[in-house]
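# Any chance you can model this:
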Amino acid sequence: MSDVPGLWNEQLVRDVLGVDADLTLAQPLPLMNEEDKAYWRFTKNGQFTVRSCYWMLRVGGLSSNITENIWKSVWALNAPPKLKHFIWNSFEGQYGSATAIWSKSKFEDLIVEAPTSSFIDRWQWLKNKVSKETLILMAALMWAAWRCRNTKVFENFEPDAVQLAMGYCTYVADYKGYSGRVYERAASSLQKHATKWKCPDMGCVKINVDAHLGEQNRAALGVVCRNHTGQLTSTATKSVPLSSPECVEAQAVRYALLLAQRFGYKDIWVEPDAQSVIKSIESLARGRAPIFSIYRDINILKSSFDKCFFSHVKRVGNTVAHLVARSEVGNAPEVVRFSPFPQSIVTLATLDLSS
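Numbers count the residues shown, from 1 in each chain. All right, here's what the predicted structure looks like:
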């Protein structure tokens, strides 16, 4: 570690570990002192389980980054078994990812932003960004795209991709309706999430955050601060080593709290678009994995404010932070901006107030 809390001594790590340095540097460090501990990286909480060891061996040993919560996200889908097995086999590397259908769907812009390093990383990113219903629909489109590819390669016939995709989506929808009637599942009340940006109360600073998974093993954290009138007060972009999508999103929230301390804010409202991060913060989630050190930091930092409130907003209500996270920082570790702001940011902030 370096003399600065939460930062690795990068040069020392590279000198000692060589080609394995990036794996270590990708692990976020806590801001507060903690005892060193070992953790099992194939479960979300870092605790070893026989089940996770079975999956790790099944998908090819220590090179896999499949975690238990990803598997749960697949098998918990209210979708046909064939669709679940398609996603499962994609994780194991048996299938590729066709993209021809996306241009005809409403998800084209979203899929462009998703990680391309592996199907697993893309699934994890989507799981944190969209609702379960949307995730099932997107999985059906992936399934249809793969079917189109196989038909062309093995049957020498190119089907109508749009018609085939519509058929798969109808099949999935019919299955959901059928399974609901057969199992008579009690209708659960769906948690409401904000879809529009809203101004905070007078005296409160609202802080929207987002994370961007970039290239060359780097990610970026975006923070946007606005007052009770919706006026921009500051924005910030910080470059960090690339890690899991949820881990980077959690780092964005922690970074927002650190900035709020630096700026002297006392009453803050923090709003990311990663629902899993909000749930972990509110439930005081504990575990051995590095991400839980970040959650611990967040819960310690929030006690330093007079008021600190967290909420989730859908991506459509977080467009300014989404743009700020993609801003260039050059060789600087972070870029903090005050008035005047780039016109693109101002335009999006104005649209939030008019919607």
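
# For Leu284, list the residues it contacts.
295, 299 (Cβ atoms under 8 Å, 6 or more residues apart in numbering). C-betas here are computed from N, CA, C, even on glycine.

# Just to be sure, it is in a helix?
No - under DSSP: H, G, I helix; E, B strand; the rest coil, Leu284 sits outside any helix and is assigned coil.

# any idea how far Asn128 is from it?
Separation of Leu284 from Asn128 (Cβ to Cβ, to the nearest Å) stands at 19 Å.

# for Thr237, same thing?
Computed with Cβ to Cβ, the distance linking Thr237 and Asn128 is 20 Å.

# More neighbours: those two, which one.
Thr237 (23 against 19; other Cβ atoms under 10 Å).

# What is the burial count for the nearest residue to that one once chain neighbours are set aside?
Using Cβ to Cβ, 6 or more residues apart in numbering and skipping the chain neighbours, the partner closest in space to Thr237 is Ser327 (4.6 Å). By other Cβ under 10 Å, the residues close to Ser327 number 17.

# and Ser327, helix, strand or coil?
Three-state assignment for Ser327 (three-state DSSP): coil.

# contacting residues for it?
The neighbours of Ser327, taking Cβ under 8 Å, 6+ apart as the test, are 220, 222, 235, 237, 335, 342.

# State the distance from Gly167 to Pro30.
50 Å.

# Same check on Tyr175?
Going from Tyr175 to Pro30 by Cβ to Cβ gives 44 Å.

# Show the residue spans covered by the strands in the chain.
For the chain, the strands defined by DSSP state E cover 205-213, 218-226, 232-241, 267-271, 307-310, 334-337.

# got the contact list for Ala252?
Ala252 sits in contact with 209-211, 221-223, 272, 325, where contact means Cβ under 8 Å, 6+ apart.

# Now do the domain split for this protein, please.
Following automatic domain parsing, one gets these domains for the chain: 66-183, 205-354.

# okay if I get those as JSON lines plus distance to Gly18 and mean pLDDT?
Shown next, in JSON lines, are the domains of the chain (distance: least, Cβ to Cβ, whole Å; pLDDT from 0 to 100):
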{"stretch": "domain 66-183", "distance to Gly18": "22", "mean pLDDT": "74"}
{"stretch": "domain 205-354", "distance to Gly18": "15", "mean pLDDT": "92"}
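
# and the closest residue in space to Pro80 that isn't next to it in sequence, how far is that from Lys82?
Closest residue in space to Pro80, ignoring its immediate chain neighbours: Tyr175 at 4.6 Å, by Cβ to Cβ, 6+ apart. Distance, Tyr175 to Lys82, by Cβ to Cβ: 9 Å.

# quick one: which of these two has more around it?
More crowded of Tyr175 and Lys82, by other Cβ under 10 Å: Tyr175, with 18 against 11.

# burial measure for Lys198, as a count.
Using other Cβ under 10 Å, the number of residues around Lys198 comes to 14.

# Apologies, that question was intended for Val162.
Val162 has 15 nearby residues by other Cβ under 10 Å.

# where's it relative to Ala220, distance?
35 Å.

# Please apply the same query to Trp40.
Look at Trp40 and Ala220: by Cβ to Cβ, they are 29 Å apart.

# neighbour-wise, which of these two wins?
Taking neighbours as other Cβ under 10 Å, Trp40 and Ala220 compare with Ala220 leading, 24 against 17.
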